[in-house]
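> Need a 3D model of the sequence below.
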Amino acid sequence: MLATAASAATEASPPFPLLTALVLLPGLGALVVALLPRRRPELVRLAAVLFASATGALTLWLLAAFETGAAGFQFTTQHTWIADLGISWHLGVDGISLLLVVLTGILFPIAMLGTAPHHDPKPYYAWLLVLEAGCLGVFLALDLFVFFVFFEIVLVPMYFLIGGWGHGNRVYAALKFFLFTMFGSALMLVGILSLVILSAKASGNPITFDLVELANSQSVATLTARWIFLAFALAFSIKTPLFPVHTWLPDAHTEAPTAGSVILAGVMLKLGTYGFLRFGLYLFPEATVYFAPLLLTLGTIGILYAAVVATMQKDLKRLVAYSSVAHLGFIVLGTFALTQQGLTGGVMQMVNHGLSTGALFLLVGFIYERRHTRQISELKGLQTAAPVLAGFFTVVMFASIGLPGLNGFVGEFLILTGSFLTARWWTVAAALGVILAAIYLL
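Residues are numbered from 1 along each chain as shown. Here you go, the predicted model:
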């Protein structure tokens, strides 16, 4: 079952390096935006939206051309980068990463079109495009070194977006975000180097950072693999974020600009849950089973804790931020239930959460720009003044709750049914989070 979740039995390579183009196009867009004159902000925004839209169109092309019946990675590109260290530019996409790549391609142009910075648009849009390139690189990388590089790249633009265009206590929130995630990444780097060196030593093969080769070798001792898994798990837990290393998220969301919040919720939080699937389950199947009860417990605590805290919030944006912590707890629950339904529900919920919570942050941004407040007590009567906005907000809120018939229901239902098979009492406790979600969002 774990092999099915991240199968790499076959690889299909296209004549056109589509995945390389996906990563490089937004990076090229950032360079173009940086070269445009500062006195033409409308031209800067147009260029940024065009490059983000072109990237989104490529992701839709990828979705249409993807062979759903084929196992393994498709559209692979592999070129030697640093031969002596076994590092290569190895990109590929499968059923797990495909939907997240498409989600990234869709959300970035929407975030750019939906909001505009109040000052200095040139670096703002350049950082957004660099962030898009980094996120796509994370989802497509099949080399651990390349993955780590992109995993770190995303920290820099988000740090500057929060610190430069955020609200209130933005510098504190940006620094807290950077320090938390940097600490986790440092441990993951130690884990990557340990895995690569010990695998080469045990197998007698040359050093390689290739994900597929490392997964196929499985030559690291059981106890060692568990320790390395913990190094990866901590980095992914912080990025997810999982209780109790979630405290950076509410501050980052509250102070970030609207587009930053949309991308943070819609795409960046998925880097952690995707990491658990792609690297945790794939590289360390035994360690995943061994530590599953711990991660199930932390995910369930996160669901209930975040839901209770969300009910107490007076700031609308902070309420949505805590709802993200609860939703990500459900994804962790489905992932570490280690059933087909749970894993499928987890992947679907990543996409559904990106759409519904990203939309909530965008709508909250619209409200704040018009009312200059996010205090729930001061926002009564919006339906009379803005009925269309209220209608959209209600539909998106119901989707976030998981109302049957809307996108949020499918993922949560699969997660709960799948996890009930192997983690019954965790699932019973987590189901209370669905009721609490209805309370704090309604």
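> Enumerate every residue touching the closest residue to residue 270 other than its chain neighbours.
With sequence-adjacent residues excluded and distances taken as Cβ to Cβ, 6 or more residues apart in numbering, residue 270 is closest to residue 350, at 4.9 Å. Yep, even glycine has a C-beta here, placed from its N, CA and C like the rest. Counting by Cβ atoms under 8 Å, 6 or more residues apart in numbering, residue 350 touches 99, 100, 103, 270, 273, 274, 331, 411.
> swap in residue 135?
For residue 135, the contacting residues are 104, 150, 154, 263, 267, 268, 271, by Cβ under 8 Å, 6+ apart.
> Between all of those residues, which two are separated the most?
Using Cβ to Cβ, the two most remote members of those are 150 and 263, lying 15.0 Å apart.
> Comparing these two, which residue is more hemmed in?
More crowded of residue 150 and residue 263, by other Cβ atoms under 10 Å: residue 263, with 30 against 20.
> Would you check that the more buried one makes contact with residue 108?
Yes - the criterion here is Cβ atoms under 8 Å, and residue 263 meets it with residue 108 at 6.8 Å.
> Give the residues shared as contacts by the two.
residue 128.
> Check the offset of whatever helix or strand the residue nearest to residue 270 lives in from the chain's centre.
Assignment of secondary structure by DSSP states H and E places residue 350 within helix 340-371. Averaging C-alpha positions (Cα atoms, centre = their mean, to the nearest Å) puts helix 340-371 11 Å from its chain's average.
> Would you mark the buried spots in that helix?
341-368 (16 or more other Cβ atoms under 10 Å).
> what ranges do the helices span in the stretch 301-442 of the chain?
According to DSSP state H, counting those that start in this stretch, the stretch 301-442 of the chain carries its helices in the segments 316-336, 340-371, 382-385, 387-401, 407-422, 424-441.
> any idea which strand is longest in this protein?
strand 73-82 (DSSP state E).
> Quick one: name whatever helix or strand follows it.
The first helix or strand that comes after strand 73-82 along the chain, using DSSP H and E, is strand 87-93.
> Need the contact partners of that next one.
The contact list for strand 87-93 (Cβ under 8 Å, 6+ apart) reads 8, 11, 19-20, 23, 62, 66, 73-81, 101, 139-143, 145-146, 209-211.
> gap between that strand and the chain center?
Mean C-alpha position of strand 87-93 versus that of the full chain (Cα atoms, centre = their mean) differs by 19 Å.
> Taking strand 73-82 as reference, get the angle to that strand.
Counting by axes from the mean of the first three to the mean of the last three Cα atoms, to 10 degrees, strand 87-93 lies at 170 degrees to strand 73-82.
> circling back: with respect to residue 311, which of the contacts of residue 350 is nearest?
Closest approach to residue 311 among those (Cβ to Cβ): residue 331, at 21.0 Å.
> Wait, residue 121 touches residue 41, no?
Yes - here residue 121 lies in contact with residue 41, judged by Cβ under 8 Å, at a distance of 4.7 Å.
> I'd like to know how many residues surround the closest residue to residue 150 other than its chain neighbours.
Distances taken as Cβ to Cβ, 6+ apart put residue 137 closest to residue 150, at 3.2 Å, once the chain neighbours are dropped. By the measure other Cβ under 10 Å, the count of residues near residue 137 is 23.
> secondary structure element for residue 137?
helix 121-140.
> And residue 289, by the same measure?
Secondary structure assignment for residue 289, by DSSP H and E: helix 285-311.
> Show me what that helix is packed up against.
If you count contacts as 3 or more Cβ pairs under 8 Å, 6 or more residues apart in numbering; DSSP states H and E, helix 285-311 packs onto helix 222-239, helix 316-336, helix 424-441.
> mind listing what's buried in that helix?
Those would be 285, 287-288, 291-292, 295-310, for helix 285-311 by 16+ other Cβ under 10 Å.
> That helix - what's its average pLDDT?
Averaging pLDDT along helix 285-311 yields 91.
> same deal with stretch 56-76?
Average pLDDT, stretch 56-76: 89.
> where in the protein is pLDDT low?
Scanning the chain for pLDDT under 70 picks out the ranges 1-16.
> roughly how far apart are the spatially most central residue of it and residue 316?
For the chain, residue 270 is the residue whose C-alpha lies nearest the centre (Cα atoms, centre = their mean; 1.8 Å). Distance of residue 270 to residue 316, given as Cβ to Cβ, to the nearest Å: 23 Å.
> again with residue 221
50 Å.
> Among those two, which residue is more densely surrounded?
Per other Cβ under 10 Å, whichever of residue 221 and residue 316 has more neighbours is residue 316, with 21 against 10.
> Pretty sure residue 365 is one of the things that one touches, is it not?
No - contact criterion Cβ under 8 Å: residue 316 and residue 365 do not qualify, at 10.4 Å.
> Tell me which residues touch residue 392, please.
Contacts for residue 392 (Cβ under 8 Å, 6+ apart) come out as 359, 363.
> before we move on, back to that, between the helices of the stretch 301-442 of the chain, which one is closest to residue 47.
When these are compared by Cβ to Cβ, helix 340-371 sits nearest residue 47, at 21.8 Å.
> and the angle from that closest one to helix 316-336?
Helix 340-371 runs at 170 degrees relative to helix 316-336, counting by the same axes, to 10 degrees.
> Mind giving me the PyMOL command for buried ones among the contacts of strand 87-93?
Under the burial definition 16+ other Cβ under 10 Å, those of the contacts of strand 87-93 that qualify are selected in PyMOL by:
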select buried, resi 8+11+19+23+62+66+73+74+75+76+77+78+101+139+140+141+142+143+145+146+209+210+211
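> got JSON lines for the helices of the stretch 301-442 of the chain, with distance to residue 235 too?
Listed next are those as JSON lines, based on distance: least, Cβ to Cβ, whole Å:
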{"stretch": "helix 316-336", "distance to residue 235": "14"}
{"stretch": "helix 340-371", "distance to residue 235": "17"}
{"stretch": "helix 382-385", "distance to residue 235": "40"}
{"stretch": "helix 387-401", "distance to residue 235": "27"}
{"stretch": "helix 407-422", "distance to residue 235": "23"}
{"stretch": "helix 424-441", "distance to residue 235": "23"}
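> Between its first and last residues, what's the separation in stretch 133-152?
Stretch 133-152 has an end-to-end distance of 12 Å (Cα to Cα, to the nearest Å).
> Just put the contacts of residue 350 in JSON lines and tack on distance to residue 246 and secondary structure.
Shown next, in JSON lines, are the contacts of residue 350 (distance: Cβ to Cβ, whole Å; DSSP: H, G, I helix; E, B strand; the rest coil):
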{"residue": "99", "distance to residue 246": "24", "secondary structure": "helix"}
{"residue": "100", "distance to residue 246": "21", "secondary structure": "helix"}
{"residue": "103", "distance to residue 246": "22", "secondary structure": "helix"}
{"residue": "270", "distance to residue 246": "15", "secondary structure": "helix"}
{"residue": "273", "distance to residue 246": "13", "secondary structure": "helix"}
{"residue": "274", "distance to residue 246": "17", "secondary structure": "helix"}
{"residue": "331", "distance to residue 246": "13", "secondary structure": "helix"}
{"residue": "411", "distance to residue 246": "20", "secondary structure": "helix"}
